[in-house]
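Colleague: What would the 3D arrangement of this be:
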Amino acid sequence: MGLGNDEQLAREMNGLDVIIGAHTHHVLKHGMLVEDTLITQSGKNGNYVGEVSISFDMETKKVIEKEAYAISVRNRKEDEEAKAMIQQLSLNAHKMLEEVVCRLEQPLESEWFQRSVLADELAAALREWCGADIGMINAGMLLDGLPEGNVSREDLHRICPHPVNPCKVVLKGSELREIISYSMSDEIVNLSFKGLGFRGEVMGIMAFDGLEVTSVKMDDSLYHVTDVFHNGKQLVSDEEYAVATADMFTFGKFYPQMKHAKKKYFLPEMLRDLLAWRLENRH
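Modeller: Below you'll find the predicted structure:
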């Protein structure tokens with residue numbers, strides 16, 4: 001769950017001898033002792049191997065001593081068998097990624113800060129795949145556009161590398177309007193972050209399918225939502241709408257309205273798979 005949550009657990013819960021931690025990629029070379037709990041983490045990318053040593057008294061049924069180490073293996077001799085296996089897997093992956101998904105007669109541009117064709121295509125793919133009323137996705141999910149010509153799975157992996165799955169969330173009209181307004185704020189549009197599967201640079205504007213959103217730039221230099229239409233009608237505050245989007249939004253970090261909403265995750269497909277499906281059927 002990450003070092004911060006591990007520390008909170010250690011402070012607030014009794015009886016935890018060791019927490020073998022991960023997710024935030026910290027390197028705790030000798031572990032971290034919080035209250036009486038030993039927390040371990042050993043970085044990322046296999047640069048360190050973690051070791052935990054616990055001495056236990058069988059008679060008293062208590063831990064006498066505990067130690068943790070993050071041991072660097074970066075200067076160890078490569079294992080030739082593992083190296084050969086990785087090379088073969090890489091060749092197999094490259095061969096799979098060479099598959100042509102479609103051929104474009106003209107480029108499909110992608111923009112982070114203004115509406116663009118490719119982001120709209122991804123929003124439409126989400127709505128159709130998930131059987132939702134509305135599709136919405138931030139333009140920053142697409143790192144680049146696609147040129148004219150053959151489009152391979154490697155091309156789609158390059159422009160949409162995130163391990164992010166599609167999800168359908170049921171929201172009230174009032175909740176959806178709040179989310180739309182926040183998604184258009186400078187705070188979100190220009191947000192640069194890593195985590196929750198996101199591998200992009202900035203969030204970018206939100207692309208919608210099944211919604212017409214109008215906004216106006218006010219004296220505070222920010223865009224404010226004036227109208228939101230679904231199928232030509234204003235959003236109804238108490239009416240429920242099925243919204244297809246990225247699963248990372250349902251964890252509550254950006255849009256708390258989604259955290260406790262009714263939801264359905266679509267696995268194992270990722271966003272790039274939906275984009276491939278959309279382009280293959282349209283081009």
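
Colleague: can you give me the helices for the stretch 51-200 of the chain?
Modeller: Taking DSSP state H, counting those that start in this stretch as the test, the helices found in the stretch 51-200 of the chain are 80-97, 117-130, 153-159, 173-183, 186-189.

Colleague: distance between the second one and the chain's centre?
Modeller: Helix 117-130 sits 17 Å away from the centroid of its parent chain (CA atoms, centre = their mean, to the nearest Å).

Colleague: CA atoms only: put it into CSV for me.
Modeller: The C-alpha trace of helix 117-130 is given here as CSV (Å, rounded to 0.1, in the frame of the first residue of the first chain):
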residue,chain,number,x,y,z
VAL,A,117,-9.8,13.3,-33.0
LEU,A,118,-7.8,10.5,-31.3
ALA,A,119,-8.9,11.4,-27.7
ASP,A,120,-12.5,11.5,-29.0
GLU,A,121,-12.1,8.1,-30.5
LEU,A,122,-10.9,6.7,-27.2
ALA,A,123,-13.8,8.2,-25.3
ALA,A,124,-16.2,6.7,-27.9
ALA,A,125,-14.4,3.3,-27.6
LEU,A,126,-14.9,3.4,-23.9
ARG,A,127,-18.6,4.2,-24.1
GLU,A,128,-19.3,1.5,-26.7
TRP,A,129,-17.2,-1.2,-25.1
CYS,A,130,-18.6,-0.8,-21.6
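
Colleague: Can you tell me which of the helices of the stretch 51-200 of the chain is most buried?
Modeller: Mean neighbour count (mean count of other CB atoms under 10 Å) peaks for helix 117-130 among these, with a mean of 23. No exception for glycine: its C-beta is placed from N, CA and C like everyone else's.

Colleague: Which other helices and strands does that helix contact?
Modeller: Secondary-structure packing of helix 117-130 (3 or more CB pairs under 8 Å, 6 or more residues apart in numbering; DSSP states H and E): strand 134-138, strand 166-172, strand 206-209, strand 240-246, helix 271-282.

Colleague: Which strand residues bridge the closest residue to residue 279 other than its chain neighbours?
Modeller: Leaving aside its sequence neighbours, residue 279 sits nearest to residue 102 (CB to CB, 6 or more residues apart in numbering; 4.6 Å). Beta-bridge partners recorded for residue 102 (DSSP bridges): residue 151.

Colleague: surely residue 102 meets residue 153?
Modeller: No - using CB atoms under 8 Å, residue 102 is not in contact with residue 153, being 10.7 Å away.

Colleague: so what sits against both of the two?
Modeller: The contact sets of residue 102 and residue 153 do not overlap (CB atoms under 8 Å, 6 or more residues apart in numbering).

Colleague: So for stretch 116-129, mean pLDDT?
Modeller: Stretch 116-129 shows a mean pLDDT of 97.

Colleague: pLDDT score assigned to the most far-flung residue of the chain relative to its centre?
Modeller: Distance to the chain centre peaks in the chain at residue 59, reaching 48.0 Å (criterion: CA atoms, centre = their mean). As predicted, residue 59 sits at a pLDDT of 94.

Colleague: how near is it to residue 205?
Modeller: 65 Å (CB to CB, to the nearest Å).

Colleague: can you give me the strands for the stretch 1-150 of the chain?
Modeller: 18-20, 32-34, 37-40, 48-57, 62-72, 100-104, 134-138, 149-152 (DSSP state E, counting those that start in this stretch).
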